[in-house]
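Asker: would you be able to build a 3D model of this:
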Amino acid sequence: LERFVSWRIAFGLLVLIAPGGAAGALEIHAGEIARRAAISTQQWQEMTSTVEWQTFVQNNPDAGTLALEVDRQLAELPVVGQQLFLALLALQSLAAMALGWAVYHRIGTVRLGPPLSRLRDLRFEDALVWGVVAGLVIVVLPFGGAARAFGLDLLVFFGVLFALRGMGVMIWFLAPGRWMMVFLTIFTLLFWHVVGIMAALIGLGDTWMDWRRRTRPKSQRSE
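Answerer: Numbers count the residues shown, from 1 in each chain. Now for the predicted structure:
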């Protein structure tokens, strides 16, 4: 995380000295989000206009409702993406760095630092909880404009970090087998909003409780 923070500072300095500065970077970002959202919407509409999809909707009326919900979410993506620009960029950068580090340790012949730990062992400095606190304070207080957007960025970025930590705690306690892990992954994808909030709360609680120092129940492996 220290390397990540250093890289983010360097990126911020590059944005400031780039043509157009921060405003130019935000304009490019807004255009790119709108372009990607338009492509996704077009592809979705092409898929839902096929005869096969129409037949499927006739046999499954709930699919029509789901299609309308997807349309609504695709229409909202550009707005959400612009509001959470900093948080999404930081999370994507962090994921790219983690992926690159994992690939390096998979194919590299010379070891450089430790490999990534498993998700169930994920930990970081407890002081990062103040990022969540700062985000909450900014959002709750009557700030507006850029200040409120920055507060939301803090909440999303640090909230995702603590949600990943909470997922690690849950996996550590459940110690799932291979097939149970597949089931948990599918369940998380289907109910990500519920699992995400629960995982974030567990991750925040781990800051004080340190759940993984407690006795773990025996694994119920389904292998």
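Asker: which ones are touching residue 139?
Answerer: For residue 139, the set of contacting residues under the criterion of CB atoms under 8 Å, 6 or more residues apart in numbering consists of 148, 151-152, 155. No exception for glycine: its C-beta is placed from N, CA and C like everyone else's.
Asker: for whichever strand or helix holds residue 150, what is the average pLDDT?
Answerer: Under DSSP states H and E, the secondary-structure element containing residue 150 is helix 146-174. In this model, helix 146-174 has a mean pLDDT of 88.
Asker: coming back round to it: and of the contacts of residue 139, the nearest to residue 50?
Answerer: For these, the minimum distance to residue 50 (CB to CB) is 37.5 Å, reached by residue 152.
Asker: contacting residues for that closest one?
Answerer: Taking CB under 8 Å, 6+ apart, we find residue 152 in contact with 83-84, 87, 135, 139.
Asker: quick revisit: now the element after the helix holding residue 150, going C-ward?
Answerer: Downstream of helix 146-174, the first helix or strand assigned by DSSP H and E is helix 178-190.
Asker: in that next one, what's buried?
Answerer: By neighbour count on 16 or more other CB atoms under 10 Å, the buried set for helix 178-190 is 180-181, 184.
Asker: now do stretch 192-204
Answerer: Neighbour counts using 16+ other CB under 10 Å place 195-196, 199-200, 202-204 of stretch 192-204 among the buried residues.
Asker: render the CA-only coordinates of it in PDB, please.
Answerer: As requested, the backbone C-alpha atoms of stretch 192-204 are provided in PDB (Å, rounded to 0.1, in the frame of the first residue of the first chain):
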ATOM      1  CA  TRP A 192     -23.000  -8.500  -4.200                       C
ATOM      2  CA  HIS A 193     -24.800  -5.600  -2.500                       C
ATOM      3  CA  VAL A 194     -25.800  -7.600   0.600                       C
ATOM      4  CA  VAL A 195     -22.500  -9.500   0.800                       C
ATOM      5  CA  GLY A 196     -20.500  -6.400   0.200                       C
ATOM      6  CA  ILE A 197     -22.100  -4.400   3.000                       C
ATOM      7  CA  MET A 198     -21.800  -7.400   5.400                       C
ATOM      8  CA  ALA A 199     -18.100  -8.000   4.400                       C
ATOM      9  CA  ALA A 200     -17.300  -4.300   4.900                       C
ATOM     10  CA  LEU A 201     -18.800  -4.300   8.400                       C
ATOM     11  CA  ILE A 202     -16.900  -7.500   9.300                       C
ATOM     12  CA  GLY A 203     -13.700  -5.900   7.900                       C
ATOM     13  CA  LEU A 204     -14.200  -2.800   9.900                       C
END
